[in-house]
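> I need the structure of the sequence given here:
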Amino acid sequence: MNRIILQQAAAVEGQSWEDCSELTLPIRYDAAVKMVLQVGGQLHMLAVDGQQPVSFGIENIRITSSGDYIFGNAKLFPMSGTTITVDRPYQKHSTAAPEVEATDTLPAKFHASVGVYCLCKTALETLELDNLESLHATKLHWMEQRATVEKPEARRFLYI
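Purely as a prediction, here's the structure:
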């Protein structure tokens, strides 16, 4: 868990990771958008700090008493440029990017976009949707379309 990110996210609330609640599923569309944007910002701050997760799930996102979302308790790996270097075992979640899912040897290197891919797939799980067509033509749909393309270098975290 990255204490800096948790401190930034929860400082306004005066809450720690333990004080926050686990997500109750399913969540509404507007809550999913808020979660993706807030956790996406926290993933960006981790990247600026030179760290990034390669796989995480719903259990790594909690909600504060005021309804804000924080990310934590995920294994983080060093990042240089847009490359994450994985040198120790990690848990593969059902939301992991295809290249993470397909890798069984260490050390491994992944593009920084694996976290965004994972976040978008986690959002689908929180909505309890089977596919993106359920969100057709919504802003979240288009953001997820850009963030979950097959080619890691082409993924974009862009909400318009």
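
> rest of the way, CA atoms for contacts and neighbours
Fine.

> Which of the three states applies to the residue most central in space within the chain?
Nearest to the mean C-alpha position of the chain, counting by C-alpha atoms, centre = their mean, stands residue 119 at 3.1 Å. Under DSSP: H, G, I helix; E, B strand; the rest coil, residue 119 falls in the helix class.

> gap between it and residue 35?
Per C-alpha to C-alpha, to the nearest Å, residue 119 is found 9 Å from residue 35.

> likewise residue 63?
For residue 63 relative to residue 35 (C-alpha to C-alpha), the value is 9 Å.

> Now for those two: what residues contact both?
residue 69 (C-alpha atoms under 8 Å, 6 or more residues apart in numbering).

> Which residue of the two possesses the greater neighbour count?
residue 35 (25 against 19; other C-alpha atoms under 10 Å).

> got any ranges where the protein has weak pLDDT?
By pLDDT under 70, the low-scoring segments of the chain are 1-14, 130-132.

> how about a cut-off of 80?
1-15, 129-134 (pLDDT under 80).

> Strands along the chain, start to end?
Here the chain has its strands, by DSSP state E, at 21-22, 51-52, 61-63, 69-71, 77-80, 83-86, 108-111.

> Output the contacting helices and strands for the third one.
Identification of packing neighbours for strand 61-63 by 3 or more C-alpha pairs under 8 Å, 6 or more residues apart in numbering; DSSP states H and E yields strand 21-22, strand 69-71.
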